[in-house]
Structure formats: structure tokens, C-alpha cells
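Undergrad: The following block contains a protein sequence and its predicted model.
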Amino acid sequence: MHRSSRAGVVLAVVALLAVPGRTQEKAAPAVDLEKRATEFVDRLIAGNWTAATERFDATMRKEAPADRLAEIWKSIGDRVGVFRERLGTRREQVKDYRFVFVACRFEKATVDLKVVFNAAGEIAGFFLQPHQDPAAYEAPAYVRREAFREVECEFGEARWRLPGTLALPEGDGPFAAVVLVHGSGPNDRNETVGPNQPFKDLAWGLASRGIAVLRYEKRTRIHGAEMAGMTDLTVKEETVDDALLAVAWLRARSDIDAARVFVLGHSLGGMLVPRIGARTRDVAGYIVLAGPTRPMDEVILAQYRYIFSLDGAISADDKKQLEELKAQVERVKDPDLAPDAPREGLPLGVPAPYWLDLRGYQPAEAARALDRPMLVLQGERDYQVTMADFAGWKSVLGDRKDVVLRSFPALNHLFMAGEGRSTPTEYQKPGHVDEAVIAAIADWIRTVE
């Protein structure tokens with residue numbers, strides 16, 4: 001396969017490959033944000049670092065001066081290769097946050113450079129994330145749109161309020177409900193990857209079967225500029241806290257059965273199910289979709305090795321990148337790793353406290369302590385979270401009568417069907433979560449007393 005497409009979805013594991021910044025309370029001028037964003041990106045491409053900082057806000061000027069900006073851009077190039085072309089822009093706004101996504105094709109991936117603007121039109125941060133195709137969503141055949149309605153909502157602590165969508169079955173209720181917990185990276189509420197929206201598939205599919213589903217914007221997406229400046233970030237702030245707040249928000253609704261609220265975690269979210277469960281007694285059961293049981297640093301290294309091997313040859317540049325990543329993984333495992341260790345020397349530029357927090361964490365072993373039913377599902381064609389991870393869950397929990405484990409031969413990491421070896425380009429083909437997965441989840445929820 002072409003190298004330009006090999007590494008795209010590795011970026012999905014990037015939690016915060018970003019530059020920090022803060023929004024400012026100033027009047028919004030009438031400015032062309034798309035023009036400012038593309039101008040900024042063009043200056044990065046040209047290596048004009050001083051000019052690229054011209055529209056930074058005060059915090060960005062401090063955190064990312066010209067020399068630091070050059071280092072950041074080099075680290076991006078190390079991951080996605082040489083820049084090829086700009087493909088276009090799109091805008092989003094959530095309350096006071098305005099984002100411009102500049103789609104860029106690099107040697108090894110097509111990605112979105114997400115430029116964050118404050119109210120004054122200054123650049124308050126920028127992020128690298130997998131490219132998202134804004135094509136219209138077409139519901140899968142198993143969805144019965146007349147069977148449910150959608151309610152826009154907001155929940156969470158004042159500083160970290162999150163917008164979300166509740167798919168609510170028609171009728172009086174109260175209904176069983178599921179909270180969807182994202183994988184790694186600054187995911188939207190639909191966990192969009194290219195033209196695919198697996199969380200929307202899950203929400204609409206389950207709501208069509210009488211189960212309410214809450215999906216929401218991930219904190220690292222909505223509040224990414226603030227979070228990128230956190231030097232003590234862990235999965236607690238990235239994922240766990242908001243999952244618990246989502247459970248509490250659902251249980252407070254009169255149309256939801258408070259005794260039948262479930263948590264479904266995908267990828268990183270699945271790995272963190274035991275962390276979520278350790279902090280609450282309010283969840284009826286847990287669903288793990290493609291949850292890693294191996295250490296995250298090892299999972300990242302394995303993903304890179306797999307992707308670099310897809311065309312049958314590992315180039316000298318590939319070998320260099322693998323050696324650098326291997327050295328970073330070794331630093332994560334170094335018993336002397338300090339919380340203030342430079343993030344540039346660690347996998348994906350994620351700060352040391354994040355890795356230290358996960359040190360010694362064994363999801364399957366931690367799940368032993370959960371006295372709640374569990375459903376663990378795995379796609380056998382998944383190269384990001386593999387059957388080795390599924391075996392980890394099975395070896396520890398396989399003898400429990402309240403745990404169901406099931407794998408699907410044709411499905412990939414998004415639980416969409418395909419043939420042969422799964423590749424990053426597969427995620428750019430429109431698809432839907434397989435109906436068998438929707439049925440397995442709905443049927444299992446009905447069995448939980």
C-alpha cells in the first residue's frame with residue numbers, strides 16, 4: 001500500500017499532541033478565521049516560525065515562541081512525514097470556542113490541524129488529529145428513526161462543561177441507559193473517524209431497541225487548549241471524571257431507570273472501565289469494546305510496527321522512527337522517570353504524569369474487583385487492540401458467570417466488517433457498526449437484573 005496512507009489512524013492514540021493556550025475575554029472582531037488558520041499553517045509549512053506566532057494570544061506567545069514552535073512542527077513531521085498539500089478547511093463553534101480544521105495531506109497520513117481561536121480572533125492553541133470527512137451521516141438499516149428522539153444536553157463541572165446528545169426511546173420509560181466513553185484522542189460525541197461515526201451508530205441502534213444512550217464531546221476536544229497546558233494530566237481528567245458525571249446526570253432523570261445505567265467504553269474507554277467502576281456503585285454493568293489489556297505504551301509501539309510493515313518493507317526512516325519510539329517507551333518504563341521529565345522524550349509528546357499514573361495498571365486484573373456484570377467484545381481483525389488484549393480479559397475473567405466475552409471474525413477496531421488485514425485506509429471507507437454488535441449489547445443489557 002502507499003506510504004501516504006499507512007499511518008493515518010495511529011494518530012487516534014494521540015491524547016494531547018498540542019500547544020497550550022487559553023481563551024481571552026475580548027470582543028470578537030469581524031475576521032476571516034479560515035484565512036487566519038490557513039495563513040498560520042502555511043507559515044508552519046514554510047518554516048517561518050516568527051511570522052507563525054504573530055497572531056498568538058499571550059499564553060501561546062509564552063508557551064510556544066518561535067524556537068519551541070519549530071520543535072513542535074518537527075515532532076509532527078516525525079510522525080506523519082513530509083507535507084504534501086492542503087486540502088481545505090471547515091469550521092466549528094461550541095459556545096465560546098471557535099475551531100478551524102485545516103485538512104493536510106502528509107507523506108504518511110491525511111490529518112486535520114485544528115486551530116483554536118479565542119473571542120478576539122487570536123490563536124489560543126493548535127492540535128493534530130485524524131482527518132474527519134464532514135460528509136452527511138446515513139443511518140444504517142437497523143436504525144428505526146421513529147422509535148426514538150434526540151435531546152441536546154450539557155453536564156459536568158462548571159470549568160469543564162460538556163455538550164452531549166441523549167438518544168431517548170419514545171414512550172414513558174423509565175428506560176435502561178448507556179453512557180458511551182471514548183477512545184484516545186480529542187473525540188467528538190460520535191467518535192468520528194473519516195466518514196464513520198461509530199458512537200452515533202451505537203446510540204441510534206440501541207435507542208431503536210428501547211435503550212437510551214448518552215454520547216458527549218470529550219473534554220480534550222472541547223477544552224483542549226486549557227488541558228494541553230496541564231503538566232499533571234492523567235486519564236482521570238481526560239476520561240474517568242466525565243464518565244462518572246455522565247452517569248450521575250442520567251440517573252437524575254425521571255425518564256431513566258437509575259438502577260439500570262450502564263457504561264460502555266471503547267478502546268481507551270474500555271481499558272478504563274475498571275477505573276470508572278472503582279469509583280462508583282451506581283453502574284448496573286460494564287461493556288468493553290476493544291479494550292487494551294497490555295500497557296498503552298506497548299500498544300502504541302505495536303501499532304507503529306504493524307503499520308510500517310504493511311507494504312512488506314520497513315524503510316531506513318521507518319526503522320529510525322521505531323527506534324526513537326522504542327527509546328521513548330523505555331523511558332516510560334524507567335523506574336527513575338520523574339513527573340517533570342520533558343514530554344518531548346516520551347511517546348507522542350504526552351507528559352510524564354500521564355504515563356506514571358498508568359504504570360502497573362492491569363485492566364483485566366483490576367476488573368476482578370468489579371462486582372458488576374461485564375460484556376467484553378472484540379473484533380478479530382482489529383490491529384490497534386488485538387486478540388492478544390482480548391485474551392487478557394478472557395484469561396482473568398473467563399470463569400466468571402457474570403462476564404460474557406465474544407469476538408467477531410470480520411470486524412475491525414470500529415466494529416465494522418471487512419476482509420483481509422485491516423489497514424488505516426479501511427477507516428476512510430464509509431461503514432457502520434455491525435448489527436450483530438448492536439444486538440449483542442441490547443440482548444445482554446436485557447439479561448442484567
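TA: Structure received.
Undergrad: Please parse this structure into its domains.
TA: Using automatic domain parsing, the domain parsing of the chain gives 3-130, 145-293+362-447, 297-355.
Undergrad: Strands of the stretch 201-350 of the chain, start to end?
TA: 212-216, 256-266, 285-289 (DSSP state E, counting those that start in this stretch).
Undergrad: Out of the domains of the chain, flag the one nearest Ala139.
TA: Between Ala139 and the domains of the chain, the shortest gap by Cβ to Cβ is with domain 145-293+362-447, which sits at 6.0 Å. Every residue, glycine included, has its C-beta placed from N, CA and C.
Undergrad: residue contacts, the spatially closest residue to Ala367 that is not a sequence neighbour?
TA: Using Cβ to Cβ, 6 or more residues apart in numbering and skipping residues adjacent in sequence, the residue nearest Ala367 is Pro274, 4.6 Å away. Residues counted as contacts of Pro274 (Cβ atoms under 8 Å, 6 or more residues apart in numbering) are Pro363, Ala366, Ala367, Ala369, Leu370.
Undergrad: ok, now which ones touch the last one?
TA: Neighbour list for Leu370: Val273, Pro274, Gly277, Ala278, Tyr286 [criterion: Cβ under 8 Å, 6+ apart].
Undergrad: ok, 7 Å please
TA: Under the criterion of Cβ atoms under 7 Å, 6 or more residues apart in numbering, the neighbours of Leu370 are Pro274, Gly277, Tyr286.
Undergrad: could you say which helix or strand contains it?
TA: Per DSSP states H and E: Leu370 is located in neither a helix nor a strand.
Undergrad: Distance-wise, check it relative to Met271.
TA: Distance, Leu370 to Met271, by Cβ to Cβ, to the nearest Å: 14 Å.
Undergrad: swap in the third one?
TA: Shown here: Ala367 relative to Met271, a distance of 10 Å by Cβ to Cβ.
Undergrad: okay, and for the protein, where does confidence drop off?
TA: Judged against pLDDT under 70, the low-scoring parts of the chain cover residues 1-30, 94-97, 134-135.
Undergrad: So for Ala367 and Met271, which residue has more residues nearby?
TA: Met271 (31 against 25; other Cβ atoms under 10 Å).
Undergrad: you'd agree that one is up against Gly291?
TA: Yes: the criterion here is Cβ atoms under 7 Å, and Met271 meets it with Gly291 at 4.8 Å.
Undergrad: what is in contact with those two at once?
TA: When contacts are counted by Cβ under 7 Å, 6+ apart, Met271 and Gly291 have Pro363 as shared neighbours.
Undergrad: can you give me the strands in the stretch 51-200 of the chain?
TA: Taking DSSP E, counting those that start in this stretch as the test, the strands found in the stretch 51-200 of the chain are 83-94, 97-106, 110-117, 123-130, 148-155, 162-169, 175-181.
Undergrad: Including distance to Leu214 and mean neighbour count, could the ones you listed go into a markdown table?
TA: Listed next are the strands of the stretch 51-200 of the chain as a markdown table, based on distance: least, Cβ to Cβ, whole Å; neighbours: other Cβ atoms under 10 Å:
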| stretch | distance to Leu214 | mean neighbour count |
| --- | --- | --- |
| strand 83-94 | 17 | 13 |
| strand 97-106 | 21 | 21 |
| strand 110-117 | 24 | 24 |
| strand 123-130 | 23 | 26 |
| strand 148-155 | 8 | 15 |
| strand 162-169 | 5 | 21 |
| strand 175-181 | 5 | 27 |
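Undergrad: I'd like the ones you listed as CSV, with distance to Ala228 appended.
TA: Converted to CSV, the strands of the stretch 51-200 of the chain look like this (distance: least, Cβ to Cβ, whole Å):
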stretch, distance to Ala228
strand 83-94, 17
strand 97-106, 13
strand 110-117, 9
strand 123-130, 6
strand 148-155, 22
strand 162-169, 17
strand 175-181, 21
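Undergrad: buried stuff in stretch 323-331?
TA: Of the residues in stretch 323-331, those with enough neighbours to count as buried (16 or more other Cβ atoms under 10 Å) are Leu325, Gln328, Val329, Arg331.
Undergrad: cool, and stretch 422-438?
TA: Of the residues in stretch 422-438, those buried under the neighbour-count criterion (16+ other Cβ under 10 Å) are 422-428, 431-434, 436-438.
Undergrad: so how far is Lys62 from Ala341?
TA: 21 Å.
Undergrad: Between the two, which is the more surrounded one?
TA: Using other Cβ under 10 Å, the more surrounded residue of Ala341 and Lys62 is Ala341, with 18 against 12.
Undergrad: Quick check: closest non-adjacent residue to that one.
TA: Leaving out its chain neighbours, the residue that sits closest to Ala341 by Cβ to Cβ, 6+ apart is Ala352, at 4.3 Å.
Undergrad: Quick one: residues contacting the one you found.
TA: For Ala352, the contact set (Cβ under 7 Å, 6+ apart) comprises Leu337, Ala338, Pro339, Asp340, Ala341, Arg343, Leu346.
Undergrad: how much space is there between the residue nearest to the fourth one when sequence neighbours are not counted and Met227?
TA: Translated: Asp340. Residue nearest to Asp340 in three dimensions, not counting chain neighbours: Ala352, with 7.0 Å by Cβ to Cβ, 6+ apart. According to Cβ to Cβ, Ala352 stands 16 Å off from Met227.
Undergrad: coming back round to it: need the contacts of Pro274 in JSON lines (columns: distance to Ile45).
TA: Conversion of the contacts of Pro274 to JSON lines gives the following (distance: Cβ to Cβ, whole Å):
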{"residue": "Pro363", "distance to Ile45": "40"}
{"residue": "Ala366", "distance to Ile45": "44"}
{"residue": "Ala367", "distance to Ile45": "46"}
{"residue": "Ala369", "distance to Ile45": "50"}
{"residue": "Leu370", "distance to Ile45": "48"}
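Undergrad: Phe106: which of those is nearest?
TA: Nearest to Phe106 out of those is Pro363 (Cβ to Cβ; 32.6 Å).
Undergrad: Can you give me the distance of the closest one to Arg406?
TA: Taken as Cβ to Cβ, the spacing of Pro363 relative to Arg406 amounts to 18 Å.
Undergrad: Same check on Gln378?
TA: For Gln378, the distance to Arg406 under the criterion Cβ to Cβ works out to 8 Å.
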